[in-house]
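Colleague: only geometry, no sequence info:
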């Protein structure tokens, strides 16, 4: 590209040692940048454990895991994480109930049935939908979906996990569909042709050859969806209410772990208060939940990986 | 498929007709589900623009937040968002590209490189609010950066780092080996090969990755709330350029801030209905910005792809 420099010929040769030293230095600088990723992970783990350690000086781990109330900001403070975990799991459950079947159907349709042109049009749209800010989905949930649901279920409160979960489900359909579709497209063509040659229909080929062949990729898509639903913050903070509530009934309002963190952050709590420390303990639980699902996903994908 | 060993021709035919009908049924069901989902989302977006329509206008863009819904605007939020994006881009671009160059061009294949790669993959799956907690503990308190534009920008830079790294690696990988070997053959060092030959060819892919990353960062709300963005800011951060010596000021980095998604969240969570229109209008603007950035990214990718033919 820049031949200009290289043409200063004789001088360039004498500086070979300089150029090699410069190369070494630059390599170290590049390595340092690569290590930023490692340090970020270490810092996340360190900060979560470090700040939570102060929390667990006040609250015993037994109370944290077994108490059924979460009211760290009240005068009568109780520190049982169960209500927040229940809220998180319920919202995630509702979201997956929507996203997994619909996302999978869309993926099968796009990969096995749609024309080339339709697929090339829809795929970028799906990816574009992934870029919509989640706070906008929160607005949808509160202002549009909740009133609609209230017409169907008359005594649905203004805040509910159902509405938040449905919108999160709608939000992650594009992810699930797009990633599953990629996995199905990766199944080699000859496997489909073999199936057709045996007289199978497209539906049979899709369900009995392509889906099993792509199962590890599809599982990865589901795990991605689960992680996003668990970590989703703004939709629940806006539409599910912020009252911790130990229930698995989606028509009730409840707080999730993420919504609680937002609620505390909105107030102006002092650095060393128990409320401040409690969000790190909550964050630690959130991180562990995500980790558990990712580990399950890792083993699932490895167990079912097909080698072609 | 042979459930019973003996099937009459009649049974086989009937089964075939049924399976072919199932095929046709799925074409209809699949199309309906897909269009249904897309239509629902489209309807929501149309409704959003309609609800916000009454608030669009010059005043909305140039007013500070206010207690009165009809006088409130997004000036401080839009300025805050722009400043955060500048910090994010200035940090994420060099660090992300350097990390990608290391992994793609320099790193030996060993366990150590493996650890870095696993980290990059895992970071992409960490919930964004956890980045907020990291930033709250690390940047705001340990490093003493406070609840500032700088803290927010650094947080979002970490958040989009995996996106930038992955995009850069992909575009570096797309440069043919022959180009590197030709440069090595002329005596260039590794850095010279990278800087003068590989990087220029991958600019398009890197820019696309950066813009996609920024379009993700611009809508992120949770991490910025966690580090303590304020939702009511009726002033602008100090200007980075001034008429007096030394002409450049970095005070704005330390300024308190608000951002577009924070403003939307604040308006949407108010019980007063009048603010909902504000939230809709601001959401539509934010959405427009995100889609525009994605459009630009796609356009850049397309242009560079057309220009390069190996």
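Modeller: The structure has been received and is ready for your questions. As the structure is a prediction and not an experimental result, all values here were calculated from the model.
Colleague: helix or strand right after the strand or helix carrying residue B:166?
Modeller: Assigned by DSSP states H and E, residue B:166 belongs to helix B:149-173. If you walk from helix B:149-173 toward the C-terminus, the next helix or strand you reach (DSSP H and E) is helix B:177-185.
Colleague: can the helix or strand following that next one be found next to chain A?
Modeller: The C-terminal neighbour of helix B:177-185 among helices and strands, as given by DSSP H and E, is helix B:190-193. Yes. Counting by CB under 8 Å from any CB of the partner chain, chain A is contacted by helix B:190-193 at B:190, B:191, B:192. The C-beta positions use only the backbone N, C-alpha and C, and glycine is treated the same way.
Colleague: need the contact list for residue A:170.
Modeller: With contacts taken as CB atoms under 8 Å, 6 or more residues apart in numbering or on different chains, residue A:170 has the following neighbours: A:98, A:99, A:137, B:37, B:40, B:41.
Colleague: For it, what is the enclosing helix or strand?
Modeller: Here residue A:170 is assigned to helix A:161-185, by DSSP H and E.
Colleague: average pLDDT for the helix holding residue B:166?
Modeller: For helix B:149-173, the mean pLDDT works out to 92.
Colleague: which one is residue 282 nearest to, not counting chain neighbours?
Modeller: If you meant another chain, say so; for now it's chain A. residue A:257 (4.9 Å; CB to CB, 6 or more residues apart in numbering or on different chains).
Colleague: my bad, chain B
Modeller: Closest to residue B:282 by CB to CB, 6+ apart is residue B:264, at 4.8 Å.
Colleague: Any regions of the stretch 1-150 of chain B where pLDDT drops low?
Modeller: B:1-6, B:69 (pLDDT under 70).
Colleague: Spatially central, which residue of chain A would that be?
Modeller: Chain A has residue A:228 as the residue nearest its centroid, 2.0 Å off, counting by CA atoms, centre = their mean.
Colleague: Which secondary structure element is home to that one?
Modeller: helix A:215-231.
Colleague: That helix: what's the following helix or strand?
Modeller: Taking DSSP H and E, what comes next after helix A:215-231 is helix A:234-239.
Colleague: So for whatever helix or strand comes next after that following helix, mean pLDDT?
Modeller: Remark: after helix A:234-239, the chain's next helix or strand is helix A:257-266, criterion DSSP H and E. If you average the pLDDT over helix A:257-266, you get 89.
Colleague: who does helix A:257-266 touch, helix- and strand-wise?
Modeller: Applying 3 or more CB pairs under 8 Å, 6 or more residues apart in numbering or on different chains; DSSP states H and E, one finds that helix A:257-266 contacts helix A:82-108, helix A:234-239, helix A:274-303, helix B:128-135, helix B:222-227.
Colleague: does any part of the longest helix along chain B sit near chain A?
Modeller: The residue-count maximum for a helix in chain B (DSSP state H) belongs to helix B:9-52. Yes. Applying CB under 8 Å from any CB, one finds that helix B:9-52 is in contact with chain A at B:19-20, B:22-23, B:26-27, B:29-31, B:33-34, B:37-38, B:40-41, B:44, B:47-48, B:51.
Colleague: Give the rounded mean pLDDT of stretch A:59-73.
Modeller: The model assigns stretch A:59-73 a mean pLDDT of 82.
Colleague: At the geometric centre of chain B, which residue do we find?
Modeller: By CA atoms, centre = their mean, the most central residue of chain B is residue B:216, 1.7 Å off.
Colleague: How about the residues of the stretch 151-300 of chain B by chain A?
Modeller: B:158, B:161-162, B:165, B:186, B:188-192, B:196-197, B:200, B:212, B:215-216, B:218-222, B:225-228, B:261, B:264-265, B:268-269, B:276, B:279-280, B:283, B:286-287, B:290-291, B:294, B:298.
Colleague: Okay, buried residues for stretch A:236-255 please.
Modeller: Of all the residues in stretch A:236-255, those buried under the rule 16 or more other CB atoms under 10 Å in any protein chain shown are A:236-246, A:250, A:252-255.
Colleague: again but with stretch A:172-192, I slipped
Modeller: Neighbour-count burial for stretch A:172-192 [16+ other CB under 10 Å]: A:172-185, A:187, A:191-192.
Colleague: now stretch B:282-290
Modeller: Those would be B:282, B:283, B:284, B:285, B:286, B:287, B:289, B:290, for stretch B:282-290 by 16+ other CB under 10 Å.
Colleague: How about stretch A:62-79 and chain B, touching?
Modeller: No. Stretch A:62-79 stays out of contact with chain B when judged by CB under 8 Å from any CB, the minimum separation being 15.5 Å.
Colleague: First-to-last residue distance for that stretch?
Modeller: 10 Å (CA to CA, to the nearest Å).
Colleague: and residue B:275, how many neighbours?
Modeller: 18 (other CB atoms under 10 Å in any protein chain shown).
Colleague: Ok, the one 5 residues further on next?
Modeller: Taking other CB under 10 Å as the criterion, the count of residues near residue B:280 is 27.
Colleague: what secondary structure does it sit in?
Modeller: helix (DSSP: H, G, I helix; E, B strand; the rest coil).
Colleague: List the residues that contact it.
Modeller: A:139, A:143, B:48, B:49, B:51, B:52, B:55.
Colleague: where does it land on pLDDT?
Modeller: 88.
Colleague: what does the one 10 residues further on give?
Modeller: We note a pLDDT of 89 for residue B:290 in this prediction.
Colleague: likewise residue A:221?
Modeller: Looking at residue A:221, the pLDDT reads 90.
Colleague: Looks like it contacts residue A:173 (just checking).
Modeller: No. With contact defined as CB atoms under 8 Å, residue A:221 does not count as touching residue A:173 (10.9 Å).
Colleague: residues near residue A:111, how many?
Modeller: Neighbours of residue A:111 using other CB under 10 Å come to 22.
Colleague: The residue nearest to residue B:282 contacts residue A:140, correct?
Modeller: No. Using CB under 8 Å, residue B:264 is not in contact with residue A:140; the gap is 11.9 Å.
Colleague: And the two? Which one has more around it.
Modeller: It is residue B:264, of residue B:264 and residue A:140, that has more neighbours when counted by other CB under 10 Å, with 30 against 27.
Colleague: sorry, back to before: same list (the contacts of residue B:280) but as a markdown table, adding neighbour count and distance to residue B:256.
Modeller: Output for the contacts of residue B:280, formatted as a markdown table (neighbours: other CB atoms under 10 Å in any protein chain shown; distance: CB to CB, whole Å):
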| residue | neighbour count | distance to residue B:256 |
| --- | --- | --- |
| A:139 | 31 | 25 |
| A:143 | 22 | 29 |
| B:48 | 21 | 29 |
| B:49 | 15 | 31 |
| B:51 | 20 | 30 |
| B:52 | 21 | 27 |
| B:55 | 22 | 25 |
